[in-house]
Each structure stands twice: as C-alpha cells, then as structure tokens.
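**Q** Sharing a model prediction with you, sequence too.
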Amino acid sequence: MTVAISVRDVTVHYGEVLALDRATLDIQAGRVCGLVGMNGSGKSTLFKTVMGLLRPDSGTVRVNGENPGKARKSGVVGYVPQSEVVDWAFPLSVRDVVMTGRYGHMGFTRHAKRADHEAVDHALERVELTEYANRQIGQLSGGQKKRAFVARGIAQGATILLLDEPFAGVDKRSEATITRLLRELADDGATILVSTHDLHALPGLADEAILLMRRVLMHGDPDEVLQPDNLALAFGLDVLNRGTTS
C-alpha cells in the first residue's frame, strides 16, 4: 500500500524545549490513525511538521512522497483545528468557510467559478450542513463547526486530513456523525490523522493508533496501544497499583 505520511527521526525544539525526539512513523493511505498523548507530548508539533509549518531540526517528513510544504500548498493536506483557536465571531457564513478550501484552485483573484461552487455544495451535502450554508459559522453547534471544517477539506480536494481534538465539546450524536464521516472518507482513500483524548471512542474510529511522548512509543492496533500498561508509558498512570488501597 502507498505510504501517505512518512516521518523519519524527526526532532523539533522550541528554544531549549524538546518537542519531538527522533519521532518515526508511517501511515498508509486510506487509514484512520489516532494520535494519543498527554498535553505537551508533541501532538500539535507533529501536526505542524506534517503540514510544513515547522521545519524539523533533524530528520525528514514526506507527504505523499513530497516535501510537506509543497503538499500543503498544492491542497493535499487539510486541517481541522481545535475550536478554541478559531474566531467564531468573525462574520463568515458556513459556505464562506468551506469556500476557503477552494482558494488554492482560484488563483490570485479568488473569484469562485462554477466548479468551486459545485465543490462546496458537494462538501456541505457530504457533512449534512446544506441547510446551514448561509448561517454565520459561530451560530453552529460544536459538532456542526467541526463538520464545517471537514467540509472545507473535502472542498479543497485534500487526500490527507489532520484533525485536532475533533470530539472535544461535541455531543454523542455529533461524535457518531463525525466518526461515520471520517470512516467514509478513509474508505474513499483519504488518510486521516486524529489527535484525541477520547480513548473510549478510538477503537470504533481508528484502524491504528500512535502513542506519543515526544517520540513514538507505540504504533499499532488501537486495542493493543490502549492497554493500561502502555498508556502508563505516556501518561504516567500508576497502573501497577490501580485498585489497591493504602
């Protein structure tokens, strides 16, 4: 199978702070991969490196065999951010947000053509937000906001989607809808990398999981990766004494 994301011995520092330490992983096309780790484990740094927004101190990253910056500029990579980093008061409709995914297809004028409108309509239909197309983005529920950004990636034509905590602040119905959508996209050949703290939902979503603590501690079947003894490596859980009393 084709390797969509390849990270080889990647080390990243922020000043004196070590964010990634010789991280190595491969994710094949058409797979959903869950990224698990505590805050400060390097998940956001890994995302930025895969998107070409950060250049590693050492090591290499390839996205569909290309330089990550080139892959991002060509629209190969789509990103669904955490809710708290978005200005939801900005006067953009849902359609406007999804249309930003087409900017790379429009040239400098950013004049939307028929193909752009059709791509946006298809993406909105795919995420079940057609009836909300003209609503201001901040008026949507948490789950609907996440779906709007997934729609942006679909309209963009991205074959690799990076989602940062897509289940944070959403209800169970929206979680199920997003999970189903991501599985459908993977079945269509997209590669999905999902950062999440929702460990209970991960086996139903992901084909594989990565346990990260600056370096890749484990990469494999979610049920295996999420075993308590393995999670202890990343989260410092006292699994050996769980259930005991003092």
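**A** Ah, there it is. Because the structure is predicted, anything quoted here is derived from the model rather than measured.
**Q** any idea where the strands of the protein begin and end?
**A** 3-14, 17-28, 32-36, 58-63, 77-80, 160-164, 191-195, 208-213, 215-220 (DSSP state E).
**Q** Would you indicate which residues of the shortest one are buried?
**A** This means strand 77-80. By 16 or more other C-beta atoms under 10 Å, the buried positions in strand 77-80 come out as Val77, Gly78, Tyr79, Val80. The C-beta positions use only the backbone N, C-alpha and C, and glycine is treated the same way.
**Q** Also the last one?
**A** Within strand 215-220, the residues that qualify as buried by neighbour count (16+ other C-beta under 10 Å) are Arg215, Val216, Leu217, Met218, His219.
**Q** Would you mind giving those as JSON lines with pLDDT added?
**A** Shown next, in JSON lines, are those (pLDDT from 0 to 100):
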{"residue": "Arg215", "pLDDT": "95"}
{"residue": "Val216", "pLDDT": "96"}
{"residue": "Leu217", "pLDDT": "95"}
{"residue": "Met218", "pLDDT": "95"}
{"residue": "His219", "pLDDT": "97"}
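**Q** Around Lys43, how many other residues sit close by?
**A** 23 (other C-beta atoms under 10 Å).
**Q** Run through the residues that contact it.
**A** If you count contacts by C-beta atoms under 8 Å, 6 or more residues apart in numbering, Lys43 has them with Leu35, Gly37, Asp164, Ser195, Leu212.
**Q** quick one: the fourth one from Val36, how far?
**A** Here the distance between Ser195 and Val36 works out to 8 Å (C-beta to C-beta, to the nearest Å).
**Q** More neighbours: these two, which one.
**A** Using other C-beta under 10 Å as the criterion, Ser195 and Val36 rank with Val36 on top: 28 against 23.
**Q** how close does that one sit to Thr100?
**A** Counting by C-beta to C-beta - Val36 and Thr100 are separated by 30 Å.
**Q** and if you look at Arg180?
**A** For Arg180, the distance to Thr100 - C-beta to C-beta - is 24 Å.
**Q** ok, those two, which is more surrounded?
**A** Thr100 (15 against 11).
**Q** Now for the closest residue to the more buried one other than its chain neighbours: which residues touch it?
**A** Take Thr100 and drop its neighbours on the chain: the residue closest to it by C-beta to C-beta, 6 or more residues apart in numbering is Arg152, 6.1 Å away. Contacts were defined as C-beta under 8 Å, 6+ apart; by that measure Arg152 touches Gly78, Val97, Val98, Thr100, Gly101, Ala123.
**Q** where do the helices sit along this protein?
**A** Assigned by DSSP state H, the helices in the chain fall at 43-50, 68-73, 94-99, 103-106, 114-126, 142-156, 172-187, 202-205, 222-225, 228-235.
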